[in-house]
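# sharing a sequence plus its predicted fold:
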Amino acid sequence: MRELTGGKGADLSFDAVGTEASVTDTVRSLRKGGMCVLVGNITPSVTIPLQEVVTKQLSLLGSCTSAGEYPQCLDLIAQGKVDVNSLISRSVPLADGNKWIHKVYAREPGLSKIILIP
């Protein structure tokens with residue numbers, strides 16, 4: 001990120017994973033005065049590079065992907081008003097999940113969402 005921004009860092013960064021490594025990378029990618037938006041949280045708490053947040057005068061913002069809309073979304077899906085099947089690239093056995101998740105992360109053509117079947 002520093003190379004892409006001439007050594008300054010990004011104005012804004014998003015972390016949608018929520019691991020210690022991803023939050024640290026997100027914070028470190030920012031310029032002085034930048035903003036870090038924390039969307040994901042795979043773990044309930046992580047250590048952050050606090051000294052870097054303070055000295056670079058960064059803003060941290062938490063954002064939740066849902067404000068209680070799940071019941072309405074499930075109802076719309078059940079009524080057939082929202083077609084989720086068109087969003088699913090593949091349904092695969094859970095035992096093969098690691099292989100398929102790596103394919104998605106590698107941006108294999110034609111793959112975006114997979115369903116793991118136990």
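Happy to help now that I have it. Residues are numbered from 1 along each chain as shown.
# residue contacts, the residue nearest to residue 59 when sequence neighbours are not counted?
Sequence neighbours aside, residue 35 is the residue nearest to residue 59 in space, at 4.3 Å (criterion: C-beta to C-beta, 6 or more residues apart in numbering). Bear in mind the C-beta positions are built from the backbone N, C-alpha and C, glycine included. The contact partners of residue 35, taken as C-beta atoms under 8 Å, 6 or more residues apart in numbering, are 11-13, 58-61.
# residue 35: which element?
In this assignment (DSSP states H and E), residue 35 forms part of strand 30-38.
# strands paired with that strand, and their directions?
In the sheet containing strand 30-38, the strands it pairs with under DSSP bridges are strand 10-15 (parallel), strand 59-62 (parallel).
# for residue 42, find the nearest of those strands.
Distance to residue 42, taken as C-beta to C-beta, is lowest for strand 10-15 among the strands paired with strand 30-38, at 10.3 Å.
# now the closest one: buried residues?
Of the residues in strand 10-15, those with enough neighbours to count as buried (16 or more other C-beta atoms under 10 Å) are 10, 13, 15.
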